[in-house]
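Asker: have a look at this prediction, sequence included:
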2 protein chains.
Amino acid sequence: MLLKAIADEKRLRLISLLLREKGEFYVCEIADALEESQYNVSKYLKELKMANLVKERRIGKGVLYSTIEPEEDFSRLIFNAILSIPDDYTKRERQLLRLRTTMREGDRCVVRIQNEHWKEAIEKSKVD
Amino acid sequence: MLLKAIADEKRLRLISLLLREKGEFYVCEIADALEESQYNVSKYLKELKMANLVKERRIGKGVLYSTIEPEEDFSRLIFNAILSIPDDYTKRERQLLRLRTTMREGDRCVVRIQNEHWKEAIEKSKVD
DNA sequence: TGCTCATATGCGCATTATAGCATACGTTAG
DNA sequence: CTAACGTATGCTATAATGCGCATATGAGCA
C-alpha cells in the first residue's frame, strides 16, 4: 500500500529527498545523506519500489535510484502533497546529498557515514 | 502524523466516505455504513481528529462528525489525492450511509449493524 | 577463479498498532 | 435523581513493524 510506504518518517524523508533533488543516486550516497545505515536504506528503497514510487538502475557494482513519473492520479497527487512540505524538512539531507555527490567516483562508494572522512567533510562544509 | 492516520485501510475508507458524502454524520451511522463496531469507529474518528482531518459536534446524546476544510497545503493536497481514488472504493459504504441517513431520527441511533433490522434494510434496498 | 566491494535479505528482538471486550462518561428523559 | 442511551476509553492478547546484525547476492577486478 502506497500510503503505508510513505507513512514512515524515514521513508517519507527519503522520498522527499529524491523528489526535490531530481536525479539518480547510489544507495550509499542516499545512506550518507540520511545519515542512516546502508541496510536500512536498502529496506526503505525496497518498500518505496514496491509502492511504485522509485525505480532502480544498476551501474557496475552500484545501484542508482530515482523517483518514478507516476502513471496513476493518486500517486501523482501524493507526490504533489509531499512536494508541498516546506523546504526545511529535508534541508540538511539535501545539503548532505549534494556534498556527497560532488565526491562521486563512478560506482565506487568512496565514503560512508561511519567513516571519519565523511564527518570531517560535513564539518568543513558547514552543513546545517 | 497525518499520513499514519490515513495509512490504515479502515481509516482511509472512513475519511474517503466523509469526503465524498459531504455532510455531518452520527457515529452510529458511520458504523453502520462501514459495517464496523461502534467502538472501533470511535477510535478511527479519534485518530482522524488528532490528524486534523475531521471535526465533531455534539447534538444531544449523539456526536456528528464531518471533514475539516484543511488550512495547510499538505492536508488539502492529501484530500485531493484521496478524492482521486475511484468511486468504487467506497461504493457500498456510500450506499449504506445514504440508506442509513434516510432512517435518521434526531440523535437517536435507531438501528445498529448488529441489529437484524439493518440487515433486512440492506437486503431490501439491494445495495451492492 | 577467487577476491573485493556495493547492495540486498533473513533472523531475532523490541516496539508499536489493532481488535474485541468491558466499562466509563456525558447527555437526555422520566 | 436515576435510568437509558450514544459515544469514548482502558485493558489485554495478538499481529504487524522497524532495527541491528550477520550474511547472501551479484558485479567487476586481479
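Answerer: Thanks, I have it. Numbering: from 1, shown residues only, chains lettered A, B, ... in the order given.
Asker: contacts and neighbour counts: CA atoms only from here.
Answerer: OK.
Asker: residues from chain A in reach of chain B?
Answerer: Proximity of chain A to chain B, by C-alpha under 8 Å from any C-alpha of the partner chain, involves residues A:3-4, A:6-8, A:73-75, A:77-78, A:80-82, A:84-85.
Asker: go back to the residues you listed and keep what's next to DNA strand D.
Answerer: Under the cut-off given by C-alpha under 7 Å from any atom of the strand, DNA strand D has A:4, A:8 from the residues of chain A next to chain B close to it.
Asker: just the buried ones from the residues of chain A next to chain B?
Answerer: Of all the residues of chain A next to chain B considered here, the ones buried according to neighbour count by 16 or more other C-alpha atoms under 10 Å in any protein chain shown are A:3-4, A:6-8, A:74-75, A:77-78, A:80-82, A:84.
Asker: where along chain A do the helices fall?
Answerer: Secondary structure of chain A by DSSP state H: the helices cover A:2-6, A:9-20, A:27-34, A:38-50, A:73-83, A:91-102, A:116-124.
Asker: and the ones you listed: which comes nearest B:Glu116?
Answerer: Among the helices of chain A, the nearest to B:Glu116 by C-alpha to C-alpha is helix A:2-6 (35.8 Å).
Asker: just the C-alpha atoms of the closest one, please, in CSV.
Answerer: Provided in CSV are the C-alpha atoms of helix A:2-6 (Å, rounded to 0.1, in the frame of the first residue of the first chain):
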residue,chain,number,x,y,z
LEU,A,2,1.4,3.3,-1.1
LEU,A,3,0.3,5.2,1.9
LYS,A,4,1.9,2.8,4.3
ALA,A,5,5.2,3.2,2.4
ILE,A,6,5.3,6.9,3.0
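Asker: what's that helix in contact with?
Answerer: A:11-12, A:15, A:47-48, A:51-52, A:75, B:3-4, B:6-8 (C-alpha atoms under 8 Å, 6 or more residues apart in numbering or on different chains).
Asker: that older thread, reformat the buried ones among the residues of chain A next to chain B as CSV; add pLDDT.
Answerer: As requested, these are exported to CSV (pLDDT from 0 to 100):
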residue, pLDDT
A:Leu3, 98
A:Lys4, 98
A:Ile6, 98
A:Ala7, 98
A:Asp8, 98
A:Phe74, 98
A:Ser75, 98
A:Leu77, 98
A:Ile78, 98
A:Asn80, 98
A:Ala81, 98
A:Ile82, 98
A:Ser84, 98
